[in-house]
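*Asks:* I'll drop the sequence and a predicted model, then ask my questions.
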Amino acid sequence: MEAGRKFPAIPNRAIVVLALSAVFAVFGVSPAGAVPRAYKWAETTQPDRVDVLLTEYLGAVRAHPKDYDLACRTAQLAFYAWRLEKKDVAKKLRMAKLMTQLGKTATELRPDGAEGWHWYGAGLGTIGLTQGVLNSLQLVPEIKRAFERSIELNPNYLEGSALLQLARLYTMVPGFPISIGDHKKALELLNEALTRSKGNQSLHHMYIADVLWAAGKEEEALKHLKMVNVPVENEIQYFVYEVSKDKAAEMEALIRSDARRDPFYDVIGDFQPGLVR
């Protein structure tokens, strides 16, 4: 991390409140939300249940606009909703923008919180994946800054997720002179994330397998895909494994068929992100 780096100013609080109010209107959220109820991990992989939970949590965010942890928790639910949606691109984009807004709000509430910067970067990244990588290159500097800030503050958050997602940015975008794409840098970050997660995160192995596949190292890639089925110890690990195991099987089948990796192959989605939407 470069010494003295300046990060972008967060928009005025009134602007953030207005933006969230528009989101609440879309979801039909009342001004006063009750404290969100506890839920089971299995609910996170059921689209209808996630929509209900997200509405409840958004109501709570509106009732408690200064609750940093609640904003981050709701952003995580928005990610679940984004990942579970397989057909409706408009809904995916709404979820990505919601994640971004909640993350941005969190960074204003606590500028030194790694969680908020992580979800802000994740939201911007999912906007890019949803509307098309080649149509979203203008977002790359802001995504990079958000994840670097999160890493600076706490590189261990969610088993090194900011490292993982920054690596994904280097994997997905074109290289110089168009953008910052760099598979070597991506692999370095992925290996650091894997170390911090102690190997106990499915997505780490899948991202590494994808970069190795792109480099023509198919046997090494297959070894990492065999390690996707890791012990589940928390909610995010459970969700990631449940929504990724079919994708891991798809990747393995493609590699074994000697298929050439598409430069925009998306490990965490079901749309072709290289296309301009």
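*Replies:* All right, it came through fine.
*Asks:* contacts and neighbour counts: CA atoms only from here.
*Replies:* Will do.
*Asks:* quick one: stretch 99-116 to chain centroid distance?
*Replies:* 14 Å (C-alpha atoms, centre = their mean, to the nearest Å).
*Asks:* same deal with stretch 152-161?
*Replies:* Worked out by C-alpha atoms, centre = their mean, stretch 152-161 lies 13 Å from the chain centre.
*Asks:* so how far is the first residue of that stretch from its last?
*Replies:* 13 Å (C-alpha to C-alpha, to the nearest Å).
*Asks:* if I pick Pro36, what's in contact with it?
*Replies:* 53, 56-57, 60 (C-alpha atoms under 8 Å, 6 or more residues apart in numbering).
*Asks:* got those as a markdown table, with distance to Ala146, pLDDT and secondary structure columns?
*Replies:* Listed next are the contacts of Pro36 as a markdown table, based on distance: C-alpha to C-alpha, whole Å; pLDDT from 0 to 100; DSSP: H, G, I helix; E, B strand; the rest coil:
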| residue | distance to Ala146 | pLDDT | secondary structure |
| --- | --- | --- | --- |
| Leu53 | 26 | 95 | helix |
| Glu56 | 27 | 94 | helix |
| Tyr57 | 24 | 96 | helix |
| Ala60 | 25 | 94 | helix |
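*Asks:* relative to Leu153, which of these is nearest.
*Replies:* Using C-alpha to C-alpha, Tyr57 comes nearest to Leu153 of those, at 25.9 Å.
*Asks:* so that closest one sits right up against Thr74, yeah?
*Replies:* Yes - here Tyr57 reaches Thr74: they are 5.9 Å apart, a contact under C-alpha atoms under 8 Å.
*Asks:* which of the contacts of Pro36 count as buried?
*Replies:* In terms of neighbour count (16 or more other C-alpha atoms under 10 Å), the buried residues within these are 53, 56-57, 60.
*Asks:* widest-spaced pair of these?
*Replies:* Leu53 and Ala60 (10.6 Å).
*Asks:* tell me where the protein has helices.
*Replies:* 13-27, 47-63, 68-84, 89-109, 114-131, 140-153, 161-172, 183-196, 202-214, 218-225, 235-256 (DSSP state H).
*Asks:* relative to Tyr39, which of those is closest?
*Replies:* helix 47-63 (8.4 Å).
*Asks:* from the chain's centroid, how far away is the closest one?
*Replies:* Here helix 47-63 is found 19 Å from its chain centre; the criterion is C-alpha atoms, centre = their mean.
*Asks:* using CSV, list the CA coordinates for that helix.
*Replies:* Extracted as CSV, the C-alpha positions of helix 47-63 are listed here (Å, rounded to 0.1, in the frame of the first residue of the first chain):
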residue,chain,number,x,y,z
PRO,A,47,-34.2,-16.8,-3.1
ASP,A,48,-37.7,-16.2,-1.8
ARG,A,49,-36.5,-16.3,1.8
VAL,A,50,-33.5,-14.0,1.1
ASP,A,51,-35.9,-11.5,-0.5
VAL,A,52,-38.0,-11.5,2.7
LEU,A,53,-35.0,-11.2,4.9
LEU,A,54,-33.6,-8.4,2.9
THR,A,55,-36.8,-6.5,3.1
GLU,A,56,-36.8,-7.0,6.9
TYR,A,57,-33.2,-5.9,7.2
LEU,A,58,-33.7,-2.8,5.0
GLY,A,59,-36.6,-1.8,7.3
ALA,A,60,-34.2,-2.1,10.3
VAL,A,61,-31.5,-0.1,8.4
ARG,A,62,-34.1,2.7,7.9
ALA,A,63,-35.0,2.6,11.6
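*Asks:* low-scoring stretches of this structure, by residue?
*Replies:* Counting by pLDDT under 70, the chain shows low-confidence ranges at 1-35, 199, 271-277.
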